[in-house]
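Trainee: Fold the following, please.
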Amino acid sequence: MDSCSIRRCSECYRFRVVYTGGVSAFIGAISGLLAGVVLLMMSHRQYANSQLVGTEERARWEARRWPQRWRRIIIGTTVIANIIGFAGIVLSTQFGIEWAISAYALASLTIPLAIAATNTRTIRVMDAGLVVEDQLWRRFRPWSTFEHWALTDETLVVYSTGWKPSLRCARADIEDSRAAATVLESVFKARESRSTE
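Mentor: All right, here's what the predicted structure looks like:
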């Protein structure tokens, strides 16, 4: 075996080691990410269940986050971004334009946004706070994390006090938005009267 063949074999071996190590690291990272998401979901559900013991439900409705107009914009943006991402894959694989693959990576970031915009959630008004549930998550937020609420032509918003996002619901999705507003008004009035005592 000549020196060129030995050099090629050693380069091949190094490539296999690096490739195998990279694939193993990627699989490990994805597994850790999925395990973390499952643990986070379980902890949110457990916390919500512990806070709801002995509390009564005052109202319940189902709604998506954004009004129809915003959902159309988000879905349209996602479709356009994924067409550009697919074109990036074609340009990268067929024409050797390596930077074009980054268009696909950027396009993939719009998919969670579209899912969040179109996902219907169940909102439960409890004595202790608000519960937001969807197919996978159950989150509880006490009334102390909200400062006020507003009902507009398009949305029902319960505004947060701190860094957490406000709770938004598309008004058209709520079966009886006036009843939901009445319950929220009574909750916030009761809280104000307790704070002034």
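
Trainee: switch to C-alpha atoms for all contacts and neighbour counts from now on
Mentor: Fine.

Trainee: list the contacts for residue 141?
Mentor: Residue 141 makes contact with 129-131 under the criterion C-alpha atoms under 8 Å, 6 or more residues apart in numbering.

Trainee: any low-confidence regions in the chain?
Mentor: 1-23, 195-197 (pLDDT under 70).

Trainee: care to break it down by domain?
Mentor: Listed by automatic domain parsing, the domain ranges of the chain are 1-51, 56-65+121-197, 67-118.

Trainee: quick one on the thing from earlier: compare the contacts of residue 141 and tell me which has the most neighbours.
Mentor: residue 130 (24 neighbours; other C-alpha atoms under 10 Å).

Trainee: Spit out the contact partners of the residue nearest to the spatial centre of the chain.
Mentor: The centroid of the chain falls nearest to residue 116 when counting by C-alpha atoms, centre = their mean (5.4 Å). Contact analysis of residue 116 by C-alpha under 8 Å, 6+ apart lists residue 65.

Trainee: my guess is it is in a strand, correct?
Mentor: No - under DSSP: H, G, I helix; E, B strand; the rest coil, residue 116 falls outside any strand and is assigned helix.

Trainee: how much space between it and residue 72?
Mentor: 13 Å (C-alpha to C-alpha, to the nearest Å).

Trainee: Check the offset of stretch 60-73 from the chain's centre.
Mentor: Taking the mean of its C-alpha atoms, stretch 60-73 sits 14 Å from the chain's own mean (C-alpha atoms, centre = their mean, to the nearest Å).

Trainee: what ranges do the strands span in this protein?
Mentor: Secondary structure of the chain (DSSP state E): strands at 57-63, 121-126, 129-133, 138-142, 146-151, 155-160, 167-170.

Trainee: then the third one to CSV, C-alphas only?
Mentor: Coordinates of the C-alpha atoms in strand 129-133 are reproduced here as CSV (Å, rounded to 0.1, in the frame of the first residue of the first chain):
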residue,chain,number,x,y,z
GLY,A,129,-56.8,33.0,38.1
LEU,A,130,-56.9,32.1,34.4
VAL,A,131,-56.2,28.7,33.0
VAL,A,132,-55.2,28.4,29.3
GLU,A,133,-55.4,24.9,27.8
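
Trainee: and it with strand 121-126, angle?
Mentor: Taking axes from the mean of the first three to the mean of the last three C-alpha atoms, to 10 degrees, one finds strand 129-133 and strand 121-126 inclined to each other by 160 degrees.

Trainee: buried residues in stretch 45-65?
Mentor: For stretch 45-65, the neighbour count (16 or more other C-alpha atoms under 10 Å) marks 45, 48, 52, 59-65 as buried.
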